[in-house]
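A.B. asks: here is a sequence together with a model predicted from it:
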Amino acid sequence: MSKAQAVAYKQGDYKSKVKPIWCPGCGDYHVLISITRALAEIGVAPEDVAVISGIGCSSRIPAYTNCYGFHGVHGRSLALAAGLKVARPDLTVLITSGDGDGFSIGGNHFLHACRRNVDMTYIVMDNRVYGMTKGQPSPTTEPDWDSALSPGGTGLRPFHPLVIALASGANFVARTFSGDPNGTARVLVEAIRHPGFSFVEILSPCVTFRPDEKEWKNMVHTAPVEPTDDAARAARRIMTDDGFNLGVLYRGHRAPYQPEIGTASVDVADLEEAFLL
Amino acid sequence: MSKAQAVAYKQGDYKSKVKPIWCPGCGDYHVLISITRALAEIGVAPEDVAVISGIGCSSRIPAYTNCYGFHGVHGRSLALAAGLKVARPDLTVLITSGDGDGFSIGGNHFLHACRRNVDMTYIVMDNRVYGMTKGQPSPTTEPDWDSALSPGGTGLRPFHPLVIALASGANFVARTFSGDPNGTARVLVEAIRHPGFSFVEILSPCVTFRPDEKEWKNMVHTAPVEPTDDAARAARRIMTDDGFNLGVLYRGHRAPYQPEIGTASVDVADLEEAFLL
Amino acid sequence: MSSSKRNDAGNPRQSVSIAIVGSGGTGALTAGAMLLEAAGRVGLYGLMTRSVGPQIRGGEAAALLRFSAQPLACMGDSYDLLIAIDWRNADRFAAEIALTKDSVVIGDPRGGDMPEMVPESGARTAEIAMKALAKDIPGGRQNMIALGVAVGLLGLPEADLFAVIEKQLGKKGDEAVTASKAAIEVGLAEAAKLDHAVPLSVPSANAEKPERWMITGNEAAGMGAIRGGIRFAAAYPITPATEILEWLAPALTKVGGVLVQAEDELASINMVIGASFGGKPSLTATSGPGLALMIESLGLATAAEIPIVVVDVMRGGPSTGIPTKSEQSDLNIAIHGCHGDAPHLVLAPLSVGDCLFTTQWAAHLAEAMQAPAVVLSDQFLGQTRALIERPADVAFIAQRAAVTEAVNDYRRYALTAEAVSPMAIPGVAGGQYTADGLTHDEAGTPSSAAGHHEAQLDKRRDKIETFTYGDHWADIEGEGEVAVLTWGSLTGPAREAVARLAEDGIKARLVALRLIAPLQVEQLATALAGCKRVLVVEQTHSGQFYRYLRSMCDLPDEVRAFHRAGPLQIRPSEIDAQIREWRS
Amino acid sequence: MSSSKRNDAGNPRQSVSIAIVGSGGTGALTAGAMLLEAAGRVGLYGLMTRSVGPQIRGGEAAALLRFSAQPLACMGDSYDLLIAIDWRNADRFAAEIALTKDSVVIGDPRGGDMPEMVPESGARTAEIAMKALAKDIPGGRQNMIALGVAVGLLGLPEADLFAVIEKQLGKKGDEAVTASKAAIEVGLAEAAKLDHAVPLSVPSANAEKPERWMITGNEAAGMGAIRGGIRFAAAYPITPATEILEWLAPALTKVGGVLVQAEDELASINMVIGASFGGKPSLTATSGPGLALMIESLGLATAAEIPIVVVDVMRGGPSTGIPTKSEQSDLNIAIHGCHGDAPHLVLAPLSVGDCLFTTQWAAHLAEAMQAPAVVLSDQFLGQTRALIERPADVAFIAQRAAVTEAVNDYRRYALTAEAVSPMAIPGVAGGQYTADGLTHDEAGTPSSAAGHHEAQLDKRRDKIETFTYGDHWADIEGEGEVAVLTWGSLTGPAREAVARLAEDGIKARLVALRLIAPLQVEQLATALAGCKRVLVVEQTHSGQFYRYLRSMCDLPDEVRAFHRAGPLQIRPSEIDAQIREWRS
Ligand SMILES: Cc1ncc(C[n+]2csc(CCOP(=O)(O)OP(=O)(O)O)c2C)c(N)n1
Ligand SMILES: Cc1ncc(C[n+]2csc(CCOP(=O)(O)OP(=O)(O)O)c2C)c(N)n1
Ligand code: SF4
Ligand code: SF4
Ligand SMILES: [Mg+2]
Ligand SMILES: [Mg+2]
């Protein structure tokens, strides 16, 4: 079902007419732009792309694209996407998630997606908060961030999603900032093209419940060193950086998991033989 | 409810009369011995200990001890234990699990237990197989291990539970071998005494579905270097070792998560005031 | 219809319904909330629900209110007064804001096009240039003008409103207070110019003002939990249950308890089971998708006999459904969701205020029977803010049959006369046992013997079926040969419908179930004795409650099932009409 | 009782039931499996279930078998022959192995103490020193002696048994074959010495031997899935469903499909939903605890209209329950487990062999209606190995109303006459849409409007309620004023009970439901037309099926519910007795 490479797609070809429910100024608007830009750059036909998500502000992206989309249940997008990609290796599969959807309720699928290494691209809009449910701490929230549910802060050390990704076998790991849609699009192009499971964490401010994150634009900086293919080194670097280090941090060489499918070697009737006495 | 320190407990005080369902030769027999030995060494009263588990051969341990036990559902032991410990900080809480229960279905709670850092000890009997359901690959199984469910092997890179534990914030990380019950008991004593979340992976052969693991006794060796308190370094070492390196690998200093409980500052009636106009 | 009686223009009305709408940033909801509080200070009863668009923040919003000097069971059928700060997107609320020719509609002439529904209804309309008027007041806002208009048309004393302004805006400084008061004065003056009053009968100004609580159902559930002895909670945020958690988190800390935010609902229910195993009465709160994730462990709590309370604040289903709207369609999963035979308790609050009593009772029952109790609240009950009387103190408190001193030969699941076995709490010497979801014998040792399986299944059924629940299992009111049989949040509309019928001399009973499972089959038969016709009312698409009743008991011959999916709550007039139509 | 007729000593019997028991390592199960295969070669019908202790490996075990020249519906009431290789722990099986005075019991005199049940039953007993005899044969094993004894007492041709030995042991080398044959010869000789034959009527040796399949219900479910077009599976191991997965994994690969082992059941059902969204007919298999975890996403598949098949091989519940034993108690969760109103398909195979047809049909129906289908198999059906006729080819295959060519203005959830909307498969230009669990309009765009909510709820209900299911919804047999109404694996005992009643001239109908939801209310009424009495039979503690039937339809006035929890399957004689007792 793949399309002739000749067709040139424009960014607008990947956007739908559905109006986002996002707050004005939400970082996710830029992520939508970055994704559509990256797809246009790659030139894959919109109908050959599937964008899969869970639940959250960030998880609303599929319907705002002009690709096939699945807005599933909270936390399960990676599993749904893996089933789709294994069954339909011809499709380009993206998963769009948030720090709550992806790292809190969805943490187990994250671990196993990294390990399974199906060829798809996992995009997490990290705003260090549950936006959709109006401002509770997420696994990446700072320990002292005050909220109604955790007055005075949770006291818990935030998660290192990138380190967990490396520890569990992701094949491509990067961090970008939504406020830089060109830079993000460039990384996404690379991530989508990289074989196996690619993980891109996008720092995407929640202007409503984390207005302090508007400052991020002054805090991000490009990773000072080149990406490595040594997971242990990459992990160490991320564990000790300031969390605002952008760029591709790790490129691995593991072969993607893709069982052969659609190549029948025996008839159904042959299978029945085994039961015959 | 804590008991006078004067009472001296013997190992047998921690064993119940319930007959294990394990196969003859199963590594878990030795783990049971190590746990009871460690508890006797610490000298905590059996009724002040709770042993919590999920489902699996390894998860059967609670009923074989003479402690309070909870044999819950598959994969959720860490959450159940965290609720118990937060509500009852006076208890010594152990969790006994397997590589399937703990790292496959239970992976998310593993991540979050490490991060939350409740003061309890997580003991995983890793036999690289689902014993209870008769021999399917687990997250720690070698990629080429042949089984009915994955003929020829899964092709998936095994998990590094210790690295994931470090990446997500465990406060104490060790690996032992069930065939060395004294060594295991020693590490368990340390793990139980260490504040915060301690994780001990015990290599425990499944003689029935992984008879090859009987060879482990010839493969294990003691960690050649001292434990560190640098998680990144510890992770790097584990990522590059041969998987049979035993001993305490990491000791952290994070303060445990333990909200104050049982110290009422206001009356229920006071809370009602807020509703009165 | 009796409602027309109450609407004779000029005469004070028994109850008044008001909607204040506006697009993002106009402050319609703030105005509504202040109006509610002011009415509470006057000693009125009241309800306020908020209706918002899909946007996370901003976007159009409507404050829907109703007031009366008598206790209010539900929102009204239609609105007496609609104030549109502007009309942008107001048609989104058209279905929720029914207007009649008796309605009064006030709009801002520069606020966009009035939607079709207004002229279609034949309502009387008037224009007030709220935006322009606000501009003339330094720091003045259009929603405060709207608030003044509302208070003026209702005839509420302005002193109470000013007291609210001072309380709410005091922290923002004097200027804010002054500006708001000035805007309100302008609104009052504009209202006075109009010939459109919707006067409400209020408690006499001389009489001592009755004390009022202002509370949402979600807050009330939290308060009920604490009154009932709950001291541990673990939960994962979800609309529309989050406010229970956000209220409980600081409140539990104050009374020596704690709330833990879990990584997901699988964890939260297991944390709660763990804490309860440790002896602490424990609760979690969620909505449909979260309850679905808890189902496996709800079965564990049943099998291992661990008391827990699970509050499910229902929303539109199935799946993600309509998170911000109400429905009663989690009845099936709450009763029948577990695999295997897993009898447990299911309860439902019958009003906003009753969220307090029912949650408290649930904690008591769960502990008394060492079984999980599911409380089926819903978005309407949970998020509606109500003016109520202080709920009476009741003696229900968590009291578990527990072993607290050293024992010998302890059998955790001993077969006893009441089928409840004293539970050893960790720390008690000799009480050590392993709680288990596997079929077990009396000692708790796993067994696959038919005898043990049946004995423990019998025990778990008997303990909840033979318990004496007293009168609280249902609210039963009125008499007659026709009954309205309902549950949970539909009790309000049903109660008002029965009251209206009574006004017209039509006798009808109201039977509203608070205890859904185990169904009190005999008591229900008694409550319906002599009834020829029963109208079963519920907010589900498939008639889940009706099917459940059929499955469990013999209903009178003439039964009608009146149900529909959310989000529009079934109105009193619809129930009323069903009964009248049936009679004729 | 008719069974006594069949047991006239000496005369060949219509059916024979045999149990072979022994402690860990004695090989009772191997002997049983070989006996089954030999009987299959003779052209008999047969069933074998395995009963094992709690140990993972080893421990006591029992092979329970039944044979007949006629198709067998279920295990027998009692055992004609019990061979104990030893008696250690045999009392664990006492409840499962009913003996009568007509039974023959063979034990090894050195095999430990014969349990009480044997003398209590009055059975005829004999001793054979199997262990000692085996010692005398180089490489000989006691279970092969037991096998020889069994074949001898049954009067089966030894040639067929030897053929099995050669096939099974051939790969171990000639010595193993020779040793086993020698041991069998010894067993045959011992049997010949006894006066305890339990001869079975077998197909004439001259006639062409009928072809037999030997298959378990779990394998049959896998085969049915593949016949029905399933090409993707994802699952997580769980007893007693794992064999479906272990059979499917290599089988799917051969037909161009794939099975993925998921990290848990939350993942497996979502993988299956993803693959089906991609156009591949997909299935997962699990048991109660796993189904509980899948419930949230089962609702997603319903709301987003994604066809999937979920096979639930039921075991004792609630919670972890009794993983290795059968029960029908997941009926409630399968029908009513989802939050919100989520109508979907629920089916149940009526025999071991029918696991094939029912799973195939489920795949067909799920795809035809774009809805999830839950197949309720159980441990008995799934793990019993049966000798059956080759299941007929039926035309049911996954066929989805799909959009496979470029389209314009595509509306995924368009309201159509059959309420099924053609589904665009990713890759089709212009078909792009977002599948959603949020309430949506016809295009799939999220909406919280009452109109959209109701339209889509109606659609999802109508598509499954108005579908024409044909005759497969139930097996209906016999006639008369009394009916046995049952479902799933209880069909076997019910069918045999009805047959026995018929032998005694007592007319009764059998109505066994294969399609549980949506309940075919009218067809069921027709099937029961003229019935005065209906006995509802099921393997649950609380009578879930009976309650479900009551909730959905009007049953005849005289209805009795006959049910009990597992693990002991309700026997034909118990059903038979209920009917006889009722008549009198
Ligand atoms: C099972 C379940 N539990 C809880 C919720 C409620 N819920 C919806 S979105 C969300 C968190 C979203 O956070 P995140 O993924 O960070 O997305 P954001 O809104 O911040 O972009 C939660 C808890 C749900 N929909 N389903
Ligand atoms: C929800 C659920 N899914 C699946 C199972 C079946 N199950 C029981 S134990 C087990 C795996 C156990 O593996 P592991 O934790 O490694 O323990 P081991 O038996 O190897 O010690 C599985 C899949 C279950 N009980 N519950
Ligand atoms: S709440 Fe936060 S994350 Fe959600 S749309 Fe608004 S700004 Fe964006
Ligand atoms: S199956 Fe393996 S893990 Fe389980 S008891 Fe036997 S040897 Fe131990
Ligand atoms: Mg977020
Ligand atoms: Mg294991």
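C.D. replies: All right, it came through fine. Ligands and ions are numbered 1, 2, ... in the order given.
A.B. asks: and residue 95, how many neighbours?
C.D. replies: By default, I'm working from chain A. Summarising burial for residue A:95: neighbours were counted as other Cβ atoms under 10 Å in any protein chain shown, giving 33. Where you see a C-beta, it was placed from the backbone N, CA and C, and this is true even at glycine.
A.B. asks: my question was about chain C
C.D. replies: What residue C:95 shows, counting by other Cβ under 10 Å, is a neighbour count of 14.
A.B. asks: how much space between it and residue B:120?
C.D. replies: When Cβ to Cβ, to the nearest Å is applied, the distance between residue C:95 and residue B:120 equals 52 Å.
A.B. asks: got the residues of chain C near ligand 3?
C.D. replies: Proximity of chain C to ligand 3, by Cβ under 6 Å from any ligand atom, involves residues C:56, C:57.
A.B. asks: at 8 Å instead, please
C.D. replies: Within chain C, the positions near ligand 3 by Cβ under 8 Å from any ligand atom are C:55, C:56, C:57.
A.B. asks: among those residues, who's most crowded?
C.D. replies: The residues of chain C next to ligand 3, ranked by neighbours (other Cβ under 10 Å): first place residue C:56, 21 neighbours.
A.B. asks: hmm, stretch C:418-438 in reach of chain D?
C.D. replies: Yes. Applying Cβ under 8 Å from any Cβ of the partner chain, one finds that stretch C:418-438 is in contact with chain D at C:436, C:437, C:438.
A.B. asks: follow-up on the earlier one: mind listing which of the residues of chain C next to ligand 3 are in strands?
C.D. replies: Secondary structure assignment by DSSP state E places none of the residues of chain C next to ligand 3 in strands.
A.B. asks: longest helix anywhere in chain C?
C.D. replies: Secondary structure of chain C per DSSP state H: the longest helix is helix C:174-193.
A.B. asks: mean confidence score for that helix?
C.D. replies: Taken as a whole, helix C:174-193 carries a mean pLDDT of 96.
A.B. asks: what packs against it?
C.D. replies: For helix C:174-193, the elements it packs on are helix C:130-135, helix C:142-154, helix C:158-169, judged by 3 or more Cβ pairs under 8 Å, 6 or more residues apart in numbering or on different chains; DSSP states H and E.
A.B. asks: just the residues of chain C next to ligand 3 that are near chain A?
C.D. replies: Contacts with chain A within those, as defined by Cβ under 8 Å from any Cβ: C:55, C:56, C:57.
A.B. asks: tell me the one of these nearest ligand 1?
C.D. replies: Distances from ligand 1 to these, taken as Cβ to the nearest ligand atom, are shortest for residue C:56 (7.7 Å).
A.B. asks: in this structure the closest one contacts residue A:57, no?
C.D. replies: Yes. In this structure, residue C:56 sits in contact with residue A:57. The criterion is Cβ atoms under 8 Å, and the distance is 6.1 Å.
A.B. asks: where along the stretch 301-450 of chain C do the helices fall?
C.D. replies: Using DSSP state H, counting those that start in this stretch, the helices of the stretch 301-450 of chain C run over C:331-336, C:354-369, C:379-383, C:450-465.
A.B. asks: need the contact partners of the shortest one.
C.D. replies: Think helix C:379-383. Defining contact as Cβ atoms under 8 Å, 6 or more residues apart in numbering or on different chains, one finds that helix C:379-383 is touched by C:49-50, C:216-218, C:221, C:240-241, C:243-244, C:313-315, C:324-327, C:349, C:351-352, C:355, C:488-489, C:569.
A.B. asks: now with 7 Å, please.
C.D. replies: The list of residues contacting helix C:379-383 from outside it, by Cβ atoms under 7 Å, 6 or more residues apart in numbering or on different chains, reads C:49-50, C:216-218, C:240-241, C:243, C:313-315, C:324-326, C:349, C:352, C:355, C:489, C:569.
A.B. asks: kindly report the same for the second one.
C.D. replies: In this structure, residues lying in contact with helix C:354-369 by Cβ under 7 Å, 6+ apart are C:217, C:220-221, C:223-225, C:227-230, C:281, C:307-309, C:311, C:345, C:347-349, C:372-373, C:375, C:377, C:381, C:391, C:394, C:396-400, C:420, C:463-464, C:467, C:472, C:514.
A.B. asks: hmm, back to that, among the helices and strands packed on helix C:174-193, which is the most enclosed?
C.D. replies: The densest packing among the helices and strands packed on helix C:174-193, expressed as mean neighbour count by mean count of other Cβ atoms under 10 Å in any protein chain shown, is seen in helix C:142-154 with a mean of 28.
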